[in-house]
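# no FASTA, just this:
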C-alpha cells in the first residue's frame, strides 16, 4: 500500500478485481435505476486526467521562489531543506506575462523535463490552491467566522475534501459527478470514469461507477474472463450464471455489475489488442508512468470504445515527508515530471493533445518552515495543468507572501488558499463541457464565488 493511502480503501480496492469499483452511493443509485443525466452534449472527444500526489506535496520545494528577495526569505525559513539558488538557474520560469514586483519562480531541478512544456505554452502554474467552502480571509479564519473545511491538515479528510467537496466518507467526487452528466454521451457508459490507481472517491458519481484498470489493461473477473480453466464454454456458462436475474435487489445488482464487468473486460481487451503502438518512451521503474501509459493506450482507442468524454485518475504516494525531504522529495518529483512529460508527448503523438488535460492535486501543501529535515502538514499549495488546450507559460493567481505567519498564511507558513479547489475544478469542468447551470451539481460550493472568478482562464 502506498504511504497515506488509507487502509479503509482496502475493501474497495479488492472489489476492483471485478473490473468496476464503486462506493455505496452509485450502488444504491443503480438499485433505484436512476439512469444517467443528459444535461451535457458532447460532439467531440475530451479527457481529464487527475494526477494525485498522496501525502501532501511540499509545494515550496516544487515551485521555488527564485527572485533574490523572495529566495532569501525562503532560504532563511527552511535553511535545512532549502534548494540552492544556483541549482535553480536552469529551471527558472519565464512567463509570458511577468509577475508583479519582480517575483520569480523556478521549477524544482528534478522537474526539468516539464520545463520545455511550460516554455511551449502547454503548461500553467496555479498559485495557492486549496480546500475552501467560500472566500476566506485570515481574519475570518482566526475568528472562525466563516465555515471551513472539516479537519484541516488531516490527510484522510483533506484528500476527501479535495476529491469530493466533503469530508471522509463522502459518497461522490467531483470527477464522478462530472461523469454523471456525460454517461449517455458514451456508447459504453462504464468507461466514462476510469481509475488506474485502484479506487478513489474522486471518480465516484451519484450514478457513475468508476471502472478500475491495471497498468496492463482491464482487470478480469476472478482473473479469468475469456476461459474457465481453459474452457471457453465454461467461461460462457459462468457469465450466464453471474448475470442471471436474482430474487432480491442486492443479488440482482451484484449480477448486473458482474455481468457488466465481464462484457466490459472483453470490449476493452479487444480494443487494446488492436491499439496503435505508442512510440513515446515512458520511463521504467515509475509506477505513475505505468498508470499514465495505460491511460494513453485507452485514449488511443477511445473512438473504438465509443467514448466522447472520459475522466481518469492516477496517483503516486510517499509525499508525507516530515523527515528526509531533501533525499526523497526530488525522487518523487522526478517521477511526476517524467511521467507527465511522457504522457503529454504521447498525446501529441496520438494527435489528441488539444483534447486531453492533465492536472495535479494533493492532500494539501506543507509548512514553509522546516521541521528538522522535513516539513509539516499545510493547506494551500501550487499545482500544474498540462495539455494542448492549456493557456500556458503563465501563472494564475497571486503569489503568496513568503513569510512565517504573514498576511497569506495561518502560521508556520501554512498558506491560506487564495484559489479554491472549486474554482480550479470549475475551470476544467467548463472546458470539459459542463454548463453553468450544471456546475453547482458538480461543485456544491461554486455558488459562493462571484461568477467572474469561477473560470480562472488557464484552459
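Sure thing, it's come through. If you're wondering where the values come from, they're calculated on a predicted model, not measured in any experiment. Residues are numbered from 1 along each chain as shown.

# Which residues are in contact with residue 321?
With contacts defined as C-beta atoms under 8 Å, 6 or more residues apart in numbering, the neighbours of residue 321 are 55, 58, 328, 329, 366, 374, 375. Just so you know, the C-beta spots here come from the backbone N, C-alpha and C atoms, and that holds for glycine as well.

# Looking at those, which one is closest to residue 356?
Nearest to residue 356, judged by C-beta to C-beta, of these is residue 55 at 25.9 Å.

# hmm, which two among the contacts of residue 321 are most spread apart?
Comparing the members of those, the greatest separation, given C-beta to C-beta, is between 328 and 366, at 13.2 Å.

# Which of these two has more residues huddled nearby?
residue 366 (36 against 16; other C-beta atoms under 10 Å).

# Let me see the contact set for the more buried one.
Applying C-beta under 8 Å, 6+ apart, we find residue 366 in contact with 56, 57, 58, 59, 60, 321, 375, 376, 377, 378, 381.

# Could you do residue 427 as well?
Under the criterion of C-beta under 8 Å, 6+ apart, the contact partners of residue 427 comprise 454, 455, 456, 457, 458, 459.

# helix/strand/coil for it?
helix (DSSP: H, G, I helix; E, B strand; the rest coil).

# okay, the residue nearest to the spatial centre of the chain: pLDDT?
Nearest to the centroid of the C-alpha atoms of the chain, with distances taken as C-alpha atoms, centre = their mean, sits residue 50, at 2.2 Å. According to the model's per-residue confidence, residue 50 sits at a pLDDT of 98.

# on that earlier part again, filter the contacts of residue 427 to the buried ones?
Judged by neighbour count, with 16 or more other C-beta atoms under 10 Å as the criterion, the buried members of the contacts of residue 427 are 454, 455, 456, 458, 459.

# can you list the weak-confidence ranges in the protein?
Along the chain, the model assigns pLDDT under 70 to residues 1-42, 221-230, 235, 238-239, 242-244, 251-261.

# Let's see that with 90 instead.
Within the chain, the set of residues satisfying pLDDT under 90 comprises 1-43, 79, 167, 198-199, 219-266, 372.

# out of the contacts of residue 366, which are inside helices?
Here DSSP state H is the test, and those give no hits in helices at all.

# Kindly give a single ChimeraX line that selects the buried subset of these.
ChimeraX command restricting those to the buried ones, with burial defined by 16+ other C-beta under 10 Å:
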select :56,57,58,59,60,321,375,376,377,378,381
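
# Tell me which of the contacts of residue 366 fall in strands.
Within the contacts of residue 366, membership in strands is found for 375, 376, 377, 381, as judged by DSSP state E.

# In CSV: the residues you listed, plus distance to residue 444.
Conversion of those to CSV gives the following (distance: C-beta to C-beta, whole Å):
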residue, distance to residue 444
375, 31
376, 29
377, 25
381, 21
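
# Show me the two of these that sit farthest apart.
Across these, the two members that end up farthest from each other (C-beta to C-beta) are 376 and 381, 13.5 Å apart.

# Just the buried residues of stretch 128-135, please?
Residues of stretch 128-135 classed as buried under the neighbour-count rule (16+ other C-beta under 10 Å) are 128, 129, 130, 131, 132, 133, 135.

# of those residues, closest to residue 314?
Within the buried residues of stretch 128-135, the smallest distance to residue 314 is 18.7 Å, found for residue 129 (C-beta to C-beta).

# measure the closest residue to residue 112 other than its chain neighbours to residue 119 for me?
The spatial neighbour of residue 112 that comes closest, neighbours along the chain excluded (C-beta to C-beta, 6 or more residues apart in numbering), is residue 91 at 5.4 Å. Applying C-beta to C-beta, to the nearest Å, the value for residue 91 to residue 119 is 11 Å.

# And those two? Which one has more around it.
Each of residue 91 and residue 119 had its neighbours counted (other C-beta under 10 Å), and the higher figure belongs to residue 91 (20 against 15).

# ok, and for stretch 264-279, which residues are buried?
264, 265, 266, 267, 268, 271, 272, 278.

# nearest residue to the fourth one other than its sequence neighbours?
By the measure of C-beta to C-beta, 6+ apart, the closest residue to residue 267 outside its immediate chain neighbours is residue 188, 6.4 Å from it.

# Might you report the residue contacts of that neighbour?
With contact set as C-beta under 8 Å, 6+ apart, residue 188 has these partners: 264, 267, 305, 306, 307.

# surely the third one meets residue 264?
No - Residue 305 lies out of contact with residue 264 (C-beta atoms under 8 Å); the separation is 9.5 Å.

# what sits in contact with each of those two?
Jointly contacting residue 305 and residue 264 under the rule C-beta under 8 Å, 6+ apart are 188, 191.

# re earlier: want to throw the contacts of residue 366 into JSON lines with distance to residue 286?
Output for the contacts of residue 366, formatted as JSON lines (distance: C-beta to C-beta, whole Å):
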{"residue": "56", "distance to residue 286": "21"}
{"residue": "57", "distance to residue 286": "17"}
{"residue": "58", "distance to residue 286": "19"}
{"residue": "59", "distance to residue 286": "21"}
{"residue": "60", "distance to residue 286": "24"}
{"residue": "321", "distance to residue 286": "18"}
{"residue": "375", "distance to residue 286": "24"}
{"residue": "376", "distance to residue 286": "27"}
{"residue": "377", "distance to residue 286": "26"}
{"residue": "378", "distance to residue 286": "26"}
{"residue": "381", "distance to residue 286": "22"}
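
# is it possible to export the buried ones among the contacts of residue 427 to CSV including distance to residue 401?
What follows is the buried ones among the contacts of residue 427, written out as CSV (distance: C-beta to C-beta, whole Å):
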residue, distance to residue 401
454, 25
455, 26
456, 20
458, 22
459, 27
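
# Closest to residue 354 out of those?
Of all these, residue 354 sits closest to residue 459, with 10.5 Å by C-beta to C-beta.

# Hmm, residue 391 and the closest one touching each other?
Yes - under the criterion of C-beta under 8 Å, residue 459 lies in contact with residue 391, with a separation of 6.4 Å.

# quick one: common contacting residues for those two?
Contact with both residue 459 and residue 391 is made by residues residue 124, according to C-beta under 8 Å, 6+ apart.

# tell me the strands in the stretch 251-400 of the chain, going along the chain?
Counting by DSSP state E, counting those that start in this stretch, the stretch 251-400 of the chain has strands at residues 309-316, 356-362, 366-371, 374-377, 381-387, 394-396.

# right, so of those strands, which gets closest to residue 428?
Among these, if distance is taken as C-beta to C-beta, the winner is strand 356-362, at 6.3 Å.

# Give me the helices and strands touching that closest one, please.
Where contact means 3 or more C-beta pairs under 8 Å, 6 or more residues apart in numbering; DSSP states H and E, strand 356-362 is packed against strand 46-53, helix 155-164, helix 325-350, strand 381-387, helix 421-432.
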